[in-house]
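*Asks:* sequence and predicted structure below; questions after.
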Amino acid sequence: MTRPYPDPFMTPDPQAVEDSRIMDFARHAGLDGTDYAGLHRWSVTDLEGFWAAVWDYFGIDADAPYEQVLAEETMPGARWFTGATLNYAHHALRNLSADRPAIIALDETGAGYQVTGERLRSLVASVAATLRDLGVGKGDRVVGYLPNTPHAIVAFLAAASLGAVWSVCGQDYAPQAAADRFAQLRPTVLVAADGYLFNGTTHDRRDAALELARALPTLKATLLVDHVGLPWPAQAYPSLFVPWEDAATRTEELDCTPVPFDHPLWVVFSSGTTGLPKGIVHGHGGVVLEHLKTLGLHSDLGPDDRLLWYTTTHWMMWNLVASTLLTGATTCTYDGSPAPFAKPGVLWELAARHRVTVFGTSPQYLLGMAKFGIDPSLHDLSSVRVVGCTGSALPASAYPWVRDHVGDRVLLASISGGTDVVSGFAGSAPNTPVWAGELSAPHLGVALAAYDAEGRPITDQVGELVLTRPMPSMPLHFWNDPDGTRYRDAYFASYPGVWRHGDWITVTGHGSVIVHGRSDSTLNRNGVRLGSADIHDVVERLPEITESLVIGAEEPDGGYWMPLFVVPAAGVTLDDALREKIRDAIRTGASPRHVPDEILEVPGIPHTRTGKKLEVPIKRLLQGAPVEQVLNPGAVDAPDLIDHFARLGAGRRERSA
């Protein structure tokens, strides 16, 4: 594959490096902060020294001290900071200024309000007391059916303060899809909103919340959030209900319960596209340390900063956005479409108005802004110093656009990680160069490598993303997996004792990381492998194409069918001339061996509800698997598209029969 920008696209500003927290941390550890490679090497060869330094630098306030940083290093089963007790909620609230905003609540209309540090603490104390009165204690589960508003953060912190376990999903999930997740947890309390905003429409979710509550027989009570102003049908509710206004207006003192370092904090769920969603359990201490490292060092967040990252509550980025509070920075919640029809550039407008310093989004958002001619520079974005991007690989073509339309000194930080560790594996930092189309380096404390099929580390070749040493935020376990079999099978079946994540990457000679897509959807044409993201990158640069999906499907007769599905831009016809233009782009920009067999127009590309293309399920549909065996439609953003791909696969099989 040709790299369009082989030289660094951006080099660190020396003064910005000098003033950064990662530089201050390096000085704290007695190391040279200008040498990121050396800092990273230390962080993964001396795990105990590195994580002890993170603990000390951020002043972790433990109720009981730790006895040993890493008592057992084996994977799975690493045991971190044994003996320590602490509480996530205490750390999230302790650094907030009383009279400055801790949360800025925003929506797609441009409206907003602020929650000061003092107000947030009083809200959390009040809701925690309400939960306690409803029977919630250490280890009980509290679940949220909520949009991305301050209510979700308050309910989460209230549950965490009691040592209860939190889980949340957005209200665009159907009640049954939400119940598929929450029923596994046998929750004590549900927190549900009356609805949410999206693309100029208020979506009434009162009946959906009622249906969800009925599907959770273990509930003792439901807190009813009045978010969009719709009255609740009190007489029809199946469990005790408490209006949010009553739960959140008590005068209480906050008392955070100390819990062991590895006490469960939350359960985040896999997408559930191919079966019942897996509940992934993370602990208080691991999340506190990992998120302080990621947000405090890599994103350089501190008390004077403001973060606005578009997310839904069921994506792991919501968990990271909530953790902004750990650094003392202000976090912004946002309810609505990232690009509503009435005001597609509203997120940039809000970033300018509220002097956001870290702006987070997805590759599809940035590519869409460019294609539809939205110019962020119409707003004063001088406060923005980092544009974070995750969800899939960010194409190289997006980098010049961000430089030209957001700011030439903005650090464009493409990040790759996962729900599995609720954090990043690789990305950027104030002291790393940026190469267009590449992630600058593995994150500190992440022993990342690319492995070949024999389990050997390789450089400048495509291989499996693996982690050779543990991270504190690796899952404690999967929910309802008492002997750990599902957990081991998910990550450690291929390389015993080494975490295989399932991404296909290249670790370059200069230390950056290129993500090519999921390894189980890798294109293998005559033994030559290429990541699907490499094809998508090239095709989606074309102004005539809105989105694309390439599939490599092995066929029963030993053949290999590689179709490319495209969504043309408005007013564009997919004719022979455009097909040839696409083939030429792939031939010259990606690989002449991976020119697709067919280029087919489709009405849209289906995604998980966190925005990832459904490559493997679509591949299995095209290979003839029944829809009910391939995926759960409730976990898909546009279920009607699934039938379209199923018909395509059936039609092809009929023609070849």
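*Replies:* That came through fine. Residues are numbered from 1 along each chain as shown.

*Asks:* where along the stretch 151-300 of the chain do the helices fall?
*Replies:* 175-182, 206-214, 244-247, 284-291 (DSSP state H, counting those that start in this stretch).

*Asks:* quick check: buried residues in the last one?
*Replies:* Going back to what we said before, that points to helix 284-291. 284-291 (16 or more other C-beta atoms under 10 Å). (Glycine included, C-beta is placed from N, CA and C.)

*Asks:* and what of the third one?
*Replies:* Neighbour counts using 16+ other C-beta under 10 Å place 244, 247 of helix 244-247 among the buried residues.

*Asks:* again with the second one
*Replies:* Using 16+ other C-beta under 10 Å as the burial criterion, the residues of helix 206-214 that qualify are 206, 208-213.

*Asks:* before we move on, the earlier item: comparing the helices of the stretch 151-300 of the chain by mean pLDDT, which bottoms out?
*Replies:* If the helices of the stretch 151-300 of the chain are sorted by mean pLDDT, helix 175-182 sits at the bottom with a mean of 90.

*Asks:* in it, what counts as buried?
*Replies:* Per 16+ other C-beta under 10 Å, helix 175-182 contains these buried residues: 175, 177-182.

*Asks:* of those residues, closest to Ser270?
*Replies:* Arg181 (9.5 Å; C-beta to C-beta).

*Asks:* let me see the contact set for that closest one.
*Replies:* Counting by C-beta atoms under 8 Å, 6 or more residues apart in numbering, Arg181 touches 167, 169, 269, 272, 277, 279.

*Asks:* which one of those is nearest to Ser337?
*Replies:* Nearest to Ser337, judged by C-beta to C-beta, of the contacts of Arg181 is Cys169 at 18.0 Å.

*Asks:* give the bridge partners for the closest one, please.
*Replies:* Under DSSP bridges, the beta-bridge partners of Cys169 are Tyr145.

*Asks:* what's the separation between it and Pro175?
*Replies:* 11 Å (C-beta to C-beta, to the nearest Å).

*Asks:* rebuild the buried residues of helix 175-182 as a markdown table, extending it with distance to Arg620.
*Replies:* Formatted as a markdown table, these follow (distance: C-beta to C-beta, whole Å):
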| residue | distance to Arg620 |
| --- | --- |
| Pro175 | 27 |
| Ala177 | 20 |
| Ala178 | 25 |
| Ala179 | 25 |
| Asp180 | 20 |
| Arg181 | 23 |
| Phe182 | 27 |
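
*Asks:* now, the most widely separated pair of those?
*Replies:* Pro175 and Arg181 (11.1 Å).

*Asks:* shared neighbours, these two?
*Replies:* With C-beta under 8 Å, 6+ apart, Pro175 and Arg181 have no common neighbours.

*Asks:* contacting residues for Thr312?
*Replies:* Contacts of Thr312 (C-beta under 8 Å, 6+ apart): 147-148, 170, 172, 318, 609-610.

*Asks:* could you rerun that using 6 Å?
*Replies:* Listed by C-beta atoms under 6 Å, 6 or more residues apart in numbering, the contact partners of Thr312 are Gly170.

*Asks:* confidence score at Asn480?
*Replies:* With respect to pLDDT, Asn480 has a value of 96.

*Asks:* got phi/psi on it?
*Replies:* The phi and psi values for Asn480, taken as degrees, to the nearest 10, are phi 60, psi 40.

*Asks:* apart from its chain neighbours, what residue comes closest to it?
*Replies:* Once flanking residues are discounted, Asn480 sits nearest to Gln184: 6.0 Å by C-beta to C-beta, 6 or more residues apart in numbering.

*Asks:* just the closest of the buried residues of helix 206-214 to Asp140, please.
*Replies:* Ala213 (16.7 Å).

*Asks:* thought that closest one was touching Ala221?
*Replies:* No. Using C-beta atoms under 6 Å, Ala213 is not in contact with Ala221, being 9.7 Å away.

*Asks:* do you know how far Gly649 is from Ile551?
*Replies:* Distance from Gly649 to Ile551, by C-beta to C-beta: 10 Å.

*Asks:* between those two, who's got more neighbours?
*Replies:* A count of neighbours by other C-beta atoms under 10 Å puts Ile551 above the other of Gly649 and Ile551, at 23 against 19.

*Asks:* would you list every one of the helices in the stretch 351-500 of the chain?
*Replies:* Taking DSSP H, counting those that start in this stretch as the test, the helices found in the stretch 351-500 of the chain are 363-371, 398-405, 485-491.

*Asks:* which stretch among these comes nearest Asp133?
*Replies:* The nearest among the helices of the stretch 351-500 of the chain, by C-beta to C-beta, is helix 485-491 at 35.3 Å.

*Asks:* one step back: what's the closest of the contacts of Arg181 to Arg94?
*Replies:* Nearest member of the contacts of Arg181 to Arg94, counting by C-beta to C-beta, is Ser167, at 24.3 Å.

*Asks:* isn't the closest one up against Val267?
*Replies:* Yes. In this structure, Ser167 is within contact of Val267 by C-beta under 6 Å, at 4.4 Å.

*Asks:* what sits closest to Arg206 if chain neighbours are left out?
*Replies:* Closest to Arg206 by C-beta to C-beta, 6+ apart is Asp194, at 5.3 Å.

*Asks:* chain center to the longest strand along the chain, what's the gap?
*Replies:* What stands out as the longest strand in the chain, according to DSSP state E, is strand 499-507. Offset of strand 499-507 from its chain centre (C-alpha atoms, centre = their mean, to the nearest Å): 17 Å.

*Asks:* give me the sheet partners of it and which way each runs.
*Replies:* Strand 499-507 has the following strand partners under DSSP bridges: strand 462-467 (antiparallel), strand 513-518 (antiparallel).

*Asks:* if you average pLDDT over each of these, which is lowest?
*Replies:* Among the strands paired with strand 499-507, strand 513-518 scores lowest, with a mean of 84.

*Asks:* CA atoms of it as PDB?
*Replies:* Presented in PDB, the C-alpha positions along strand 513-518 are these (Å, rounded to 0.1, in the frame of the first residue of the first chain):
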ATOM      1  CA  VAL A 513       0.800   2.000  14.300                       C
ATOM      2  CA  ILE A 514      -1.400   1.600  11.200                       C
ATOM      3  CA  VAL A 515      -4.700   0.000  11.700                       C
ATOM      4  CA  HIS A 516      -6.000  -2.000   8.800                       C
ATOM      5  CA  GLY A 517      -9.300  -3.200  10.200                       C
ATOM      6  CA  ARG A 518     -10.500  -6.300  12.000                       C
END
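
*Asks:* neighbours of Phe372, how many?
*Replies:* Phe372: 13 neighbours (other C-beta under 10 Å).

*Asks:* any idea which element the nearest residue to it once chain neighbours are set aside lies in?
*Replies:* Leaving out its chain neighbours, the residue that sits closest to Phe372 by C-beta to C-beta, 6+ apart is Pro344, at 6.6 Å. Here Pro344 sits in a region with no helix or strand, counting by DSSP states H and E.

*Asks:* just the pLDDT at Pro344, thanks.
*Replies:* For Pro344, pLDDT reads 95.

*Asks:* again, but for Ser20
*Replies:* Reading off the model, Ser20 has pLDDT 97.

*Asks:* from Ala413, how far off is the nearest residue to it once chain neighbours are set aside?
*Replies:* Excluding the flanking residues, the one nearest Ser20 by C-beta to C-beta, 6+ apart is Pro430, at 3.9 Å. Distance, Pro430 to Ala413, using C-beta to C-beta: 10 Å.
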